[in-house]
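**Student:** here is the input, now give the coordinates:
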Amino acid sequence: MTVDTSTVAVGDLEFTVRTGGSESAPAVLLLHGFPSSGTCFDAVVGRLHQSGLRTVVPDQRGYSVGARPSAVEDYRIDRLVADAIGILDALSIGYALVVGHDWGAQVAWHLAGKHPDRVSGLVAVSVGHPSAVAASLATSDQRQRSSYIPTLIDPAAEDRLLADDAAALRAIVPDDSVAPLLERDGLTGALNWYRANFTGDIAATLACPPIEVPTTMIWSDADTALGGEQATGSGRFVYSDYRYCELSGVDHWVPQNAAAALASEIALRSATY
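**Tutor:** Sure, this is the predicted structure:
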């Protein structure tokens, strides 16, 4: 099935959005993480179309060329959530099943927690509910796993990641979904997600309500960045139908390296609403 790429305006920002499937089919909004753009889901969307679903895959703030504001505070989590809602509004989609990987999962948790009327269900991949992540920092090895974050907040991060034809940046992901960040302003926008949300009062910035929509949490046991405790603990913060799925032998890059399993879980969750 054909995937169409278009520009969607949300306020004064313009987002690159890939859509596919019948416009009358249930909608699935897929939100990427760092440093992948929406093309990380390329192997997933075709399978979802075969399951009778419509897909909406934006390049989020910083990744889309037309959505790169310069102020760090413009990348706070509430702005990222508002972008997702604005994209749904622009496409006349009243509600969607929301899927998020990595940073996209953070956005998805907040979208589901704060705007449940716009979310038919949630599939969070790799990153658990913010409250579960916060708890795991004190009780597991998650703090050590997250020790890379200060290097992304550092003002020299762009120079380091773009040196030698962006060798360090390209080495992070298993595909070419990092392409928008090979431009310095795109990389700065993506790094500003960390700078805006992981400095100051982090707990207050990332505080998220419990979830009251049907939810699936997917974690892969070869993930070096996110530990199992923050994933398994997420169920405590879901007050609705909840499913936990653990992928064996899969690393952090679930959309690229376990596309069939991810698509299956999304289709299964879509069948519950």
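**Student:** what pLDDT does the model give residue 167?
**Tutor:** pLDDT, residue 167: 98.
**Student:** show me what the helix or strand hosting it is packed against.
**Tutor:** Taking DSSP states H and E as the criterion, residue 167 maps to helix 157-170. For helix 157-170, the elements it packs on are helix 184-197, judged by 3 or more Cβ pairs under 8 Å, 6 or more residues apart in numbering; DSSP states H and E. Where you see a C-beta, it was placed from the backbone N, CA and C, and this is true even at glycine.
**Student:** and the helix it packs on, what's buried?
**Tutor:** 186, 187, 188, 189, 190, 191, 192, 193, 194, 195, 196, 197 (16 or more other Cβ atoms under 10 Å).
**Student:** before we move on, what about stretch 76-92?
**Tutor:** Applying 16+ other Cβ under 10 Å to stretch 76-92 flags 76, 77, 80, 81, 82, 83, 84, 85, 86, 87, 88, 91 as buried.
**Student:** restricted to helices, list these.
**Tutor:** Mapping the buried residues of stretch 76-92 onto helices (DSSP state H) picks out 77, 80, 81, 82, 83, 84, 85, 86, 87, 88.
**Student:** Three-state assignment for residue 14, please.
**Tutor:** On the three-state scheme (DSSP: H, G, I helix; E, B strand; the rest coil), residue 14 is labelled strand.
**Student:** and the helix holding residue 167, how far from the chain's centre?
**Tutor:** Distance of helix 157-170 from its chain centroid, counting by Cα atoms, centre = their mean, to the nearest Å, is 22 Å.
**Student:** likewise stretch 218-226?
**Tutor:** For stretch 218-226, the distance to the chain centre is 15 Å (Cα atoms, centre = their mean).
**Student:** give me the mean pLDDT for that stretch.
**Tutor:** On average, the pLDDT along stretch 218-226 is 98.
**Student:** hey, C-alpha coordinates of it in PDB?
**Tutor:** The C-alpha coordinates for stretch 218-226 follow below in PDB (Å, rounded to 0.1, in the frame of the first residue of the first chain):
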ATOM      1  CA  ILE A 218       6.900  -3.600  25.200                       C
ATOM      2  CA  TRP A 219      10.500  -4.100  26.400                       C
ATOM      3  CA  SER A 220      13.400  -6.000  24.900                       C
ATOM      4  CA  ASP A 221      15.800  -7.800  27.200                       C
ATOM      5  CA  ALA A 222      19.000  -6.800  25.200                       C
ATOM      6  CA  ASP A 223      18.300  -3.100  25.600                       C
ATOM      7  CA  THR A 224      21.300  -1.500  27.200                       C
ATOM      8  CA  ALA A 225      19.700   1.900  27.700                       C
ATOM      9  CA  LEU A 226      16.500   0.900  29.500                       C
END
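**Student:** sort out which residues of it are buried, please.
**Tutor:** Neighbour-count burial for stretch 218-226 flags 218, 219, 220, 223, 226 (criterion: 16+ other Cβ under 10 Å).
**Student:** what segments of the chain are strands?
**Tutor:** Counting by DSSP state E, the chain has strands at residues 3-10, 13-20, 27-31, 54-58, 96-101, 119-125, 215-220, 242-247.
**Student:** could you dump these to CSV with distance to residue 209?
**Tutor:** Shown next, in CSV, are the strands of the chain (distance: least, Cβ to Cβ, whole Å):
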stretch, distance to residue 209
strand 3-10, 23
strand 13-20, 26
strand 27-31, 18
strand 54-58, 23
strand 96-101, 15
strand 119-125, 12
strand 215-220, 13
strand 242-247, 15
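**Student:** list the contacts of residue 82.
**Tutor:** Counting by Cβ atoms under 8 Å, 6 or more residues apart in numbering, residue 82 touches residue 10.
**Student:** number of residues surrounding residue 178?
**Tutor:** If you count neighbours by other Cβ atoms under 10 Å, residue 178 ends up with 25.
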